[in-house]
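Engineer: fold the following, please.
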Amino acid sequence: MVPVSSDDYLLSLSSVRDRCFKVQVAATRGQLKHFDVDEGKLKDVIQIIVSLIKRDYDSPADIPVHGRWRHFDVGGRPRIQNLINVWASLGQDRLEQTRRTLDLLTAACLLDMEPGNQWSYREKTSNFFLKRQEGMAVATLDLFMQGFFSNDPSDPHRVDSEALLAITLEQLTAGLQVTEKNILVGLEDRLGLLHHLGATLQRRQDYFGTSVSRPGNLMDYLLAHSTTIQTQKGPLIHLETLWPIVMEMGEYWSAEPGKGGTPGLGDVWPCATIRHSDDPTDKDHYVAFHKLSQWLVYSLTEAMSKLLGATIEGTDLLTPLPDYRNGGLLMDTGFLTLKKTEMERGLNNYRRNSLLPGQPKVEIAPMFEMSDPVVIEWRALTVAYLDLIAERVRDALKVSRKDLSLTQFIEGGSWNAGRELADISRPNTQEPPIVITIGNRTIY
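Structural biologist: Numbers count the residues shown, from 1 in each chain. All right, here's what the predicted structure looks like:
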């Protein structure tokens, strides 16, 4: 067997679950440095998720997959499907429909950072005001429809490298309806990500095409790849073929020197909880999350499946995402609690931040930077414990993984529950129980 370097391992999707469960094992041994775990609350977490699934769905099998597509359907309006129907009526074949949908979803995923609770977007067609992830999705769709991401006025419904690189801060500010009163957190980082995508499209033309470099052309690369098998249902695509492509799209940008994550590895962080070596070059205590890349996989593969009948081999390697909603669920139920010293440190951070101009002073919560050991431990525990909770929820519902996949569990269960508990626990802001300081390309 050819040995795998520590960097190659940490770049892999399989490293996420492996390393997060090392932190979970430390929890079972009472070796956590920043959190306490109340195993007695596990049944409460399971019951909340089971209750929500039963409330919202006739059967767990009816739960849609977790992906960016869901946010476009806000208000019960199937915006993407309506657009696909228009393309079909104009004679665009299934492959081009897929390319365009992948273009749209890629832009939407990269713009999908926490927008803050002071921003909203007024949809052009309905005049509805939308907030949070749904608002950003619909804003992205409106821009896409206008040709904002296309360099060719005769072909507006696409995302190409030249248009991305030409976007200015003023244009993005106007497009997202940002004003002094309608404040959007992370506007400059969103622009930086779009510019990074444009440069990546041009640099990796083997993935994204030569004449017009666009995210949707990755479909052509996958279909032509030697590992892809054509079946009667549609193409069988290996996730390991897609994985290096999505890693290029945004995660590396966020981990440049002095920014978030580890340069060259992306969303990978040292975790002292599992460190057992004094060797400064050792990376056995590094924990990989690859949240943005996994979010792209969850979102893009849905379009491939719907439009081309694609089957993605290897999705069992995907993990729960360590985001605000999933992590917040474990804290708002009392399953995870900050140790006293960390709670005090986080509250002191919040108080100092509240003294800065323009900062809200309601619903005090502990605050940490993304690189703080507290956040790293929290994210690892979120991934591992939600994996375990998913199995317990299936047992409670008496269904198999086939009838309640991990992506369905997240969509109809953990993520939904985390959002509802945040709304109840912090109704003014809907913030998570730990506030992450935005800065240093905090896109995860």
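
Engineer: show me the shaky parts of the stretch 151-300 of the chain.
Structural biologist: 256-259 (pLDDT under 70).

Engineer: let's see that with 90 instead.
Structural biologist: 183-186, 189, 250-264, 275-284 (pLDDT under 90).

Engineer: give the buried residues for the biggest helix by length in the chain.
Structural biologist: Longest helix in the chain by number of residues, with DSSP state H as the criterion: helix 373-397. Across helix 373-397, burial judged by 16 or more other C-beta atoms under 10 Å covers 373-387, 389-390, 393-394, 397. Yep, even glycine has a C-beta here, placed from its N, CA and C like the rest.

Engineer: elements contacting that helix?
Structural biologist: helix 14-28, strand 35-37, helix 42-56, strand 286-288, helix 324-332, strand 336-338, strand 367-369, helix 406-409 (3 or more C-beta pairs under 8 Å, 6 or more residues apart in numbering; DSSP states H and E).

Engineer: the first one to helix 373-397, inter-axis angle?
Structural biologist: The one in question is helix 14-28. Here helix 14-28 runs at an angle of 90 degrees relative to helix 373-397 (axes from the mean of the first three to the mean of the last three C-alpha atoms, to 10 degrees).

Engineer: from the chain's centre, how far out is the longest helix of the chain? Work that out for me.
Structural biologist: 16 Å (C-alpha atoms, centre = their mean, to the nearest Å).

Engineer: ok, and the closest non-adjacent residue to residue 412?
Structural biologist: Nearest residue to residue 412, sequence neighbours excluded (C-beta to C-beta, 6 or more residues apart in numbering): residue 63, at 3.7 Å.

Engineer: doesn't residue 53 make contact with that neighbour?
Structural biologist: Yes - using C-beta atoms under 8 Å, residue 63 is in contact with residue 53, at 7.0 Å.

Engineer: got any residues that touch both of the two?
Structural biologist: Any residue near both residue 63 and residue 53 by C-beta atoms under 8 Å, 6 or more residues apart in numbering counts here, and that gives 412-413.

Engineer: helix, strand, or coil at residue 312?
Structural biologist: Three-state assignment for residue 312 (DSSP: H, G, I helix; E, B strand; the rest coil): strand.

Engineer: how about the residue most central in space within the chain, nearest residue that isn't a chain neighbour?
Structural biologist: The residue lying closest to the centre of the chain (C-alpha atoms, centre = their mean) is residue 295, at 3.9 Å. Nearest in space to residue 295, with sequence neighbours left out and distances taken as C-beta to C-beta, 6+ apart, is residue 109 at 5.7 Å.

Engineer: ok, now which ones touch the one you found?
Structural biologist: Contacts of residue 109 (C-beta under 8 Å, 6+ apart): 68, 250, 292, 295-296, 299.

Engineer: try it again with 10 Å
Structural biologist: 67-68, 137, 140, 193, 215, 246, 249-250, 292-293, 295-300 (C-beta atoms under 10 Å, 6 or more residues apart in numbering).

Engineer: can you show me the CA trace of the helix or strand containing it as PDB?
Structural biologist: Per DSSP states H and E, residue 109 falls inside helix 94-110. What follows is helix 94-110, C-alpha atoms only, in PDB (Å, rounded to 0.1, in the frame of the first residue of the first chain):
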ATOM      1  CA  ARG A  94     -30.900  18.500 -20.200                       C
ATOM      2  CA  LEU A  95     -27.100  18.900 -20.100                       C
ATOM      3  CA  GLU A  96     -27.200  22.600 -20.700                       C
ATOM      4  CA  GLN A  97     -30.000  22.900 -18.100                       C
ATOM      5  CA  THR A  98     -27.700  21.100 -15.700                       C
ATOM      6  CA  ARG A  99     -24.800  23.400 -16.500                       C
ATOM      7  CA  ARG A 100     -26.900  26.500 -15.800                       C
ATOM      8  CA  THR A 101     -28.300  25.100 -12.600                       C
ATOM      9  CA  LEU A 102     -24.800  24.200 -11.400                       C
ATOM     10  CA  ASP A 103     -23.700  27.800 -12.300                       C
ATOM     11  CA  LEU A 104     -26.500  29.200 -10.200                       C
ATOM     12  CA  LEU A 105     -26.000  26.900  -7.200                       C
ATOM     13  CA  THR A 106     -22.300  27.400  -7.100                       C
ATOM     14  CA  ALA A 107     -22.700  31.200  -6.900                       C
ATOM     15  CA  ALA A 108     -25.400  30.800  -4.300                       C
ATOM     16  CA  CYS A 109     -23.300  28.400  -2.100                       C
ATOM     17  CA  LEU A 110     -20.300  30.800  -2.200                       C
END
